[in-house]
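A.B. asks: sequence and predicted structure are below.
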Amino acid sequence: MPSTRALIGLGSNLGDRAGHLRGALALLEKAPGVVVWAVSSFHETRPEGGPAGQGDYLNAAAALETTLSPGALLRVMLGIESQLGRTREVRFGPRTIDLDLLLFGDRILDEPGLIVPHPRFAARRFVLEPLAEIAPDHVDPVSGRSVAALLRVLDQTESEPIMPSP
């Protein structure tokens, strides 16, 4: 089976955040059919949404080459989350590790439990900044824009003054 470039996001805001990110990357490296070929720097960010009082996140992005299907890769990622103590008690709540499949080649998928590209990745600075470090030219198949262009759009949107309603 030919390999596909997959881009994933990683985040942690509980315990040894950097250790959890490194642990997830090490487990990805050991997964059959997966090669981690680039990892961004770690970015500290405030939590967006979810319950109040959460600690700051460490976020990163990784580029993989994989012979796995998108569903099989997602199952590997969910298994890694489980190995590293991830529990899903509160939506958008604190977590030891969060792994998101952001892009899978140029595929567009909308299946139960799997939407690719990730539905909110293009609106999240904590995803786009690390992703732009390792894959600035990777094109989002939905918008037709590169990761770098998506980040520029986000920069412009956030810097526009908010006009009061008439």
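C.D. replies: Received, thanks. Numbering: from 1, shown residues only.
A.B. asks: what residues of the worst-scoring helix or strand of the chain on mean pLDDT count as buried?
C.D. replies: When the helices and strands of the chain are compared on mean pLDDT, DSSP states H and E, helix 147-159 comes out lowest with a mean of 87. The neighbour-count check on helix 147-159 (16 or more other C-beta atoms under 10 Å) flags 147, 149-151, 154 as buried. Glycine gets a C-beta too; all of them are placed from N, C-alpha and C.
A.B. asks: can you tell me what sits against that helix?
C.D. replies: If you take C-beta atoms under 8 Å, 6 or more residues apart in numbering as the criterion, helix 147-159 is touched by 122-123, 125, 128-129, 131-132, 135-140, 143, 145.
A.B. asks: export it to CSV, keeping only CA atoms.
C.D. replies: Written as CSV, here are the backbone C-alpha positions of helix 147-159 (Å, rounded to 0.1, in the frame of the first residue of the first chain):
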residue,chain,number,x,y,z
VAL,A,147,-1.5,25.9,5.9
ALA,A,148,0.6,29.1,5.7
ALA,A,149,-2.2,30.8,3.8
LEU,A,150,-4.8,29.6,6.4
LEU,A,151,-2.6,31.1,9.2
ARG,A,152,-2.3,34.4,7.3
VAL,A,153,-6.1,34.5,7.0
LEU,A,154,-6.4,33.9,10.7
ASP,A,155,-3.9,36.7,11.4
GLN,A,156,-5.9,39.1,9.3
THR,A,157,-9.2,38.1,10.8
GLU,A,158,-7.9,38.5,14.3
SER,A,159,-6.3,41.9,13.6
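A.B. asks: hmm, back to that, pick out the most distant pair among the buried residues of helix 147-159.
C.D. replies: Val147 and Leu154 (10.6 Å; C-beta to C-beta).
A.B. asks: counting neighbours, what do you get for the residue lying closest to Leu84 once chain neighbours are set aside?
C.D. replies: Spatial nearest neighbour of Leu84, excluding adjacent residues (C-beta to C-beta, 6 or more residues apart in numbering): Ile97 at 4.5 Å. Number of residues near Ile97 (other C-beta atoms under 10 Å) recorded here: 25.
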